[in-house]
Each structure stands twice: as structure tokens, then as C-alpha cells.
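Visitor: Requesting a structural model of the entry that follows:
(2 chains)
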Amino acid sequence: EAQVTQNPRYLITVTGKKLTVTCSQNMNHEYMSWYRQDPGLGLRQIYYSMNVEVTDKGDVPEGYKVSRKEKRNFPLILESPSPNQTSLYFCASKYYNEQFFGPGTRLTVL
Amino acid sequence: GQNIDQPTEMTATEGAIVQINCTYQTSGFNGLFWYQQHAGEAPTFLSYNVLDGLEEKGRFSSFLSRSKGYSYLLLKELQMKDSASYLCAVSLGNAGNMLTFGGGTRLMVKP
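Guide: Just a heads-up that it's a prediction; the model follows:
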């Protein structure tokens, strides 16, 4: 089944403890992206990647890192999470103009 | 900065037609998307407009006027399962790789 997967789906952590949210797609898409979704603010793009080893900032990249060493994987790294990064995170991959979103990761930073 | 506006909430009756508007003021434009998002789920793609005019896909249609910075999503023959949030998003950048979303419109369909 063609899909985008994210892990973990739910995570509660504490301020400053490094974490990684994984994202994987099995559709051989070159483009992948990370978003966060907050009430009243909608979806906001964090980072995107055009292909392996090619990444670029979206609208809200501060406090996040990404890497793209393989086409299928695009992990989101929070080196020192803070409470304002509590949010719902979505990974997506794109083929032509259609984006396919993962199921989301709900992150709480205490 | 980028600005995309859509109503926060709308209510409509099963079987009716509803139009969800979206206005945008952005630096650059490579197309406009509509997504549907049910509560607690991921957004799913509905439509993409890059040229002015109406795109029809079953019960859903999307319209774009680039000169007016305006789009709408038209849902016909509303069903209860259409209760969801509808997200308007503008594609920016040279290759349209940046996507900026509006806040979403929560549609409630009542019997």
C-alpha cells in the first residue's frame, strides 16, 4: 500500500531532551516536507526537501533540523525541544502537485 | 508576508450546496490547493488550480481568479461525511515547493 508513515504517533517529553520523529514513504517521491499544525494558525511548513541531500527552510524552521540521506526517509530532529514546539506534526511527500500526508505525530513538550 | 483568509466555520444542511471562499495575498503564486481534513486525521488532497476558471471533480468543484486573489470550493449534494475542515493553500517559490495554508474552514453538515 502506498503510504507515508511517521513514528512515533504520540510523544510526551521534557524541555531540552533531544528527539527525532521519523518519516518514511514508499512511493519513491523526490519531494518531502514537514508541517506543524496549531489551533488558529493552520498548517505551517517547517522544512522541505527536493531530493536526497537537498533541503530548504519553510516558514517556521527555527528549533528544527532535518536530513535527507535516503529518498524514502526524512526525519525531523528537535535538538532541544521547548514547550512552544508542542504541536501536531505532519510529514508529506509529493508527486507532481498532489501531497500525501502521513498520519501525524502529536508532540507534547513539558 | 503571506496572507490567506477563509471563514473559520460554516454550517450547511445535508443535500444542499455550500461554497467556501478563500482570498490570498502572497508574494509569488504557483497554484492553489484545497485539502479536506477530518478531525484527528491527516489532510487529503481535493483539488489544484493554477489557471483561472472552474475545475470540477464529482461533487466538488474549485474556482480560481488570480487577478482577484480569490478561490472557492463548491460542495454539492452535501453528505454528513463532508463534515470536516477544508484547507486552502497557496504554492509559492520558483518551483512551487513552499506551501502556505490558510487557517481552515470547519464545515458542519446537519441533517
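Visitor: Could I get the full set of strands for chain B?
Guide: B:3-5, B:9-13, B:18-25, B:31-37, B:44-49, B:53-57, B:60-65, B:70-75, B:84-92, B:98-101, B:105-110 (DSSP state E).
Visitor: Tabulate those strands (CSV), appending mean pLDDT and mean neighbour count.
Guide: All C-beta atoms are positioned from the backbone trio N, CA, C, and that covers glycine. Output for the strands of chain B, formatted as CSV (pLDDT from 0 to 100; neighbours: other Cβ atoms under 10 Å in any protein chain shown):
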stretch, mean pLDDT, mean neighbour count
strand B:3-5, 93, 16
strand B:9-13, 97, 13
strand B:18-25, 97, 18
strand B:31-37, 96, 21
strand B:44-49, 94, 18
strand B:53-57, 94, 11
strand B:60-65, 97, 19
strand B:70-75, 98, 20
strand B:84-92, 94, 23
strand B:98-101, 90, 23
strand B:105-110, 98, 17
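Visitor: and the gap between the spatially most central residue of chain A and B:E9?
Guide: The centroid of chain A falls nearest to A:W34 when counting by Cα atoms, centre = their mean (3.4 Å). Remark: distance between A:W34 and B:E9 (Cβ to Cβ, to the nearest Å) = 28 Å.
Visitor: what's the model's confidence in stretch A:71-81, averaged?
Guide: The average pLDDT within stretch A:71-81 is 97.
Visitor: Got the confidence number for A:L88?
Guide: pLDDT, read off for A:L88, is 97.
Visitor: pretty sure it is touching A:R106, no?
Guide: Yes - with contact defined as Cβ atoms under 8 Å, A:L88 counts as touching A:R106 (5.3 Å).
Visitor: hmm, who's touching the lowest-mean-pLDDT helix or strand in chain A?
Guide: Ranked by mean pLDDT, DSSP states H and E, the weakest helix or strand in chain A is strand A:98-101, scoring a mean of 91. Strand A:98-101 is contacted by residues A:2-4, A:25, A:27, A:29, A:33, A:90-94, B:33, B:42-45, B:48, B:99 when judged by Cβ atoms under 8 Å, 6 or more residues apart in numbering or on different chains.
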